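Novice: Starting from these lines, generate the structure:
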Amino acid sequence: MVKKMLLDIGLRGGALALLVLLALDAVLQLRNSRLGRITLLFDLCGIAFLIETAPQFRDSHAVWVLFLRVASNMAAAVFALWSEEVFDDTARPPWIGWTPVGLMALLAIWSVVTDSSWAWLATHVSAVMLVVITIGRVLLGRANDLIEVRRRDRVVFAWGLGLAIVGCTLIGSSNVGMTPALPGVVGIALAAALFRLHRASPITAVAAAPPVSGPASSTSEMTEAEAALYRRLLRLMEVERAYRDGSLTIASLAKQLDTPEYRVRQLINQRLGYGNFARFVNSYRLAEARSALADAGQARVPILTIALDAGFESIGPFNRAFKAVTGETPSTFRKRTLAGPV
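Specialist: Alright, predicted model coming up:
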C-alpha cells in the first residue's frame, strides 16, 4: 500500500508540475487572446482534478476542495470549447461555445451541494457524452482541414486529451481509493497531450487561419507545377463552376484535377491562404449568391433557390456563411443593394 501511495504521489506531482508550467506558458504566450484564456482554464481544470482526487482530500468537504471539485467536473465542457476555438473555423456567436461550460458548471455545483448520487451520475454521463461528441467532431473535421499541422494535431487532441478527460470523468464516478495511482497516470497522459499541443505545434500555429478575401491573383511566387495546378483549379472553379456541387470534397476535387490530394490541399492552404476547404469553396458560392442577390432581374427569385444554385445544400449554412462574410443577412443585403443609393 505504501508503494502504491508513493507511486501516486510521484505521478500526481509530476503531472501537476507539467500542468502548472503549461498554464504559465499559456499566460505568457497568449494572455491577450481568447484562445489563451480558454487554454489557461483548461490547464486549471486539470490541476483541480489532480488535487481534488488525492486520497487525503477525497472525502473532504472543505470549501476550497468543493470549489476544486466543481472546476474538475467542468473539464469536459472546457475541452469542447477549446477544441472549437482551435479546430473549428466556422464563425459562431461566442455564447454557443460557452453554453456547455455553463451547463456543466451548474451540474457540478448541483452535485457538490446536494451530494446526490443522481446528480453525480448526470454530471458524469453528460461529461462523457460531451467528450465523445467533441472527439467525433474533431476527427470528422480532419478531412476538411487544409492546415497539415492542425490535421495531425486533431488525432493527438482526440485520442490523447479526449481519453484523458474520459479517464478523469470515470475516476470521479468511482472509488479512487482502490487505485490510488490511477489519477496520477491519467494526469500524466493529460499533461503529455497538452505538452504535445503546446510545444511540438504551438497552439498559436494550429489556431484557425484568418479568412482571406479570395483566391490569389498572381502566380509569380508559385513554382511551375503549382502555377499549372492553380490555373487548372481556377478553370474548374470559375469556368466549370465545380463549387455548385454541394457534395464537393477535397478528395473529389483532387480527382477532377487528376492530382494527389495533398498537393491540392497545400496549394489552397499555403498559396491561397485558406485554412479550411469549406471556406475556400464557399468563397465562390457566396460570390455567385451576392451577384444574384444584387441583380434586379432576379429580384423575385427566392433566396433559397439562389443558395441551392450556388452549391449550398440548405438555407441555414448559407445564411450563417453569408452573414459571417458580409455582416448582414441575405435578405437585408438584397434590399439594400436593390434599393440603390439613398
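
Novice: average model confidence for stretch 16-36?
Specialist: Mean per-residue pLDDT for stretch 16-36: 76.

Novice: Now do the contacts for residue 331.
Specialist: The contact partners of residue 331, by CB atoms under 8 Å, 6 or more residues apart in numbering, come to residue 303. Where C-beta positions appear, they are placed from N, C-alpha and C, glycine not excepted.

Novice: Could you tell me how far it is located from residue 307?
Specialist: Residue 331 sits 12 Å away from residue 307, going by CB to CB, to the nearest Å.

Novice: give me the number of residues near residue 54?
Specialist: Around residue 54 there are 20 other residues, counting by other CB atoms under 10 Å.

Novice: and the gap between it and residue 5?
Specialist: In this view, residue 54 and residue 5 are 10 Å apart by CB to CB.

Novice: what does residue 74 give?
Specialist: Using CB to CB, residue 74 is found at 28 Å from residue 5.

Novice: who's in contact with the nearest residue to residue 259 once chain neighbours are set aside?
Specialist: Take residue 259 and drop its neighbours on the chain: the residue closest to it by CB to CB, 6 or more residues apart in numbering is residue 229, 6.0 Å away. Contact analysis of residue 229 by CB under 8 Å, 6+ apart lists 257, 259, 263-264, 267.

Novice: so what's residue 229 scoring on pLDDT?
Specialist: Here the pLDDT value assigned to residue 229 is 93.

Novice: And it, which helix or strand is it part of?
Specialist: Here residue 229, judged by DSSP states H and E, is contained in helix 224-234.

Novice: for that helix, which positions count as buried?
Specialist: Within helix 224-234, the residues that qualify as buried are 226-227, 229-230, 233, counting by 16 or more other CB atoms under 10 Å.

Novice: quick one: which of these is nearest residue 70?
Specialist: residue 233 (51.1 Å; CB to CB).

Novice: Tell me where this protein is predicted with low confidence.
Specialist: Within the chain, the segments meeting pLDDT under 70 span 1-4, 29-32, 90-95, 167-220, 340-342.

Novice: Any figure for the gap between the residue positioned nearest the centre of the chain and residue 276?
Specialist: In the chain, the centroid-proximal residue (CA atoms, centre = their mean) is residue 84; its distance is 2.5 Å. Per CB to CB, residue 84 is found 13 Å from residue 276.

Novice: what do you get for residue 308?
Specialist: Counting by CB to CB - residue 308 and residue 276 are separated by 22 Å.

Novice: For those two, work out which one has more neighbours and name it.
Specialist: Applying other CB under 10 Å to residue 308 and residue 276 shows that residue 276 carries more neighbours, namely 23 against 16.

Novice: Residue 145 is in contact with that one, correct?
Specialist: Yes - between residue 276 and residue 145 a contact is recorded at 6.5 Å, counting by CB atoms under 8 Å.

Novice: following the helix holding residue 229, which helix or strand comes up?
Specialist: Counting by DSSP H and E, what follows helix 224-234 is helix 250-257.

Novice: Report the distance from that next one to the chain centre.
Specialist: Put simply, helix 250-257 sits 25 Å off its chain's centre (CA atoms, centre = their mean, to the nearest Å).

Novice: Tell me which other helices or strands it touches.
Specialist: helix 224-234, helix 261-266 (3 or more CB pairs under 8 Å, 6 or more residues apart in numbering; DSSP states H and E).

Novice: now the angle between helix 224-234 and that helix, please.
Specialist: Counting by axes from the mean of the first three to the mean of the last three CA atoms, to 10 degrees, helix 250-257 lies at 100 degrees to helix 224-234.

Novice: So what touches helix 250-257?
Specialist: Here helix 250-257 makes contact (CB under 8 Å, 6+ apart) with 143-144, 146, 229, 232-233, 236, 242, 245, 260-261, 263-265, 277.

Novice: again, only this time at 7 Å
Specialist: With CB atoms under 7 Å, 6 or more residues apart in numbering as the test, helix 250-257 has contacts from 143, 229, 232-233, 236, 242, 260-261, 264-265, 277.

Novice: measure the residue nearest to residue 40 when sequence neighbours are not counted to residue 262 for me?
Specialist: If the residues on either side of it in the chain are set aside, residue 40 comes closest to residue 26, at 4.5 Å by CB to CB, 6+ apart. Taking CB to CB as the measure, residue 26 falls 32 Å from residue 262.

Novice: So for those two, which sits in the more crowded spot?
Specialist: Set residue 26 next to residue 262 and count neighbours by other CB under 10 Å: residue 26 wins out with 24 against 11.

Novice: so who does that one touch?
Specialist: Contact analysis of residue 26 by CB under 7 Å, 6+ apart lists 36, 39-40, 43.

Novice: Secondary structure class of it, three-state.
Specialist: Judged by DSSP: H, G, I helix; E, B strand; the rest coil, the three-state class of residue 26 is helix.
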